[in-house]
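> Return a 3D structure for these sequence lines:
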Amino acid sequence: MWPGEVEPADSLKEKAYRAIKHRIITCAFKPGQELSESTVASALKIGRTPVHQAFDRLHVEELVDVQPRKGIVVRSINLDEVIDIIETRLLNETFAVRLAAERASASEIVAIRDTFLHADEIADQGNIEQMMLLDREFHRLIARAAHNLVLADVLLKLHERSLRLWFISLGASDHQARVHGEHQRIFQAISHRDAGAAEAAMRDHIESFRENVLRHL
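As a prediction, the model looks like this:
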C-alpha cells in the first residue's frame, strides 16, 4: 500500500482474523483466557470493528465462546471433543490416504515429499509453530491427492480444529521424532502406490497422536 492509503475493510478483517487465530492455535491466547475487543484491537493496532468481525468468525469456528459477564473467552480444550475429533480422523483420514495412494498424481507426490523433507530440515530448530504448520500442510496435501472434494473439505475442518492439539503435542520433543518417522512411512506407502500400507501407517500415526495429546492435556 502507498503511504497514507487506507487499508480496505475486508483486508483489515482478514488481518485481524488471522492474527487472533494464530495466537489461539499457538496457545499465546490460552484456553479459557478472557479477551477484550479493545485490548486485542490495541495490541494488533487495528480498529475494533475488524476485531469484532474476526471474533464472530472465530465463534462460528468454535475457537472462542461468548459468555455472560465474561465476554469473549478462548474455548477450552474439551476431552470429549478431542476424542471425537480423533475418532473422526481415524475414520476419514485413513480412507483419504488410501485414495491418495491410488489416485495421487506424480506432482502431488512430489509436493508431499517436499513438505516431508522441509519438516526434516527444521526438525532440530525447535520451532513448534513451523512444525505444526508443516504437519497441517502434509495432511492437507494428502487430502487433496485423494481427489474427493467432499472428503477434503471434511478433513480441512477437522485439521483446523486440531491445530491447538497439534501444537501441544509437538511440544514434546520425543513426539516430534515419532511424527517424522510416521510421516516417512505414510509418504513411502503413497509413493509406492501401496494403499493398504498407507492406511495402516496413517492409522498408527493418528493413534500415536491420540496417545501423546491425551498425555499432555
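
> in what helix or strand does residue 190 lie?
helix 173-191 (DSSP states H and E).

> Any chance you could give me that helix in PDB, C-alpha atoms only?
Once non-C-alpha atoms are left out, helix 173-191 reads as follows in PDB (Å, rounded to 0.1, in the frame of the first residue of the first chain):
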ATOM      1  CA  SER A 173      10.500 -33.400  21.600                       C
ATOM      2  CA  ASP A 174      10.200 -37.200  21.600                       C
ATOM      3  CA  HIS A 175       6.900 -36.900  19.700                       C
ATOM      4  CA  GLN A 176       8.400 -34.700  17.100                       C
ATOM      5  CA  ALA A 177      10.800 -37.500  16.200                       C
ATOM      6  CA  ARG A 178       8.000 -40.100  16.100                       C
ATOM      7  CA  VAL A 179       5.900 -37.800  13.800                       C
ATOM      8  CA  HIS A 180       8.800 -37.600  11.400                       C
ATOM      9  CA  GLY A 181       9.100 -41.300  11.200                       C
ATOM     10  CA  GLU A 182       5.400 -41.800  10.900                       C
ATOM     11  CA  HIS A 183       5.200 -39.200   8.100                       C
ATOM     12  CA  GLN A 184       8.000 -41.100   6.300                       C
ATOM     13  CA  ARG A 185       6.100 -44.300   6.400                       C
ATOM     14  CA  ILE A 186       3.000 -42.600   5.100                       C
ATOM     15  CA  PHE A 187       4.900 -40.900   2.200                       C
ATOM     16  CA  GLN A 188       6.700 -44.100   1.200                       C
ATOM     17  CA  ALA A 189       3.400 -46.000   1.100                       C
ATOM     18  CA  ILE A 190       1.800 -43.400  -1.100                       C
ATOM     19  CA  SER A 191       4.800 -43.200  -3.400                       C
END
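
> for the nearest residue to residue 30 once chain neighbours are set aside, what are its contacts?
Closest residue in space to residue 30, ignoring its immediate chain neighbours: residue 74 at 6.4 Å, by C-beta to C-beta, 6 or more residues apart in numbering. Backbone N, C-alpha and C define where each C-beta goes, glycine included. Counting by C-beta atoms under 8 Å, 6 or more residues apart in numbering, residue 74 touches 24, 29, 30, 31, 32, 33, 35, 63, 64.
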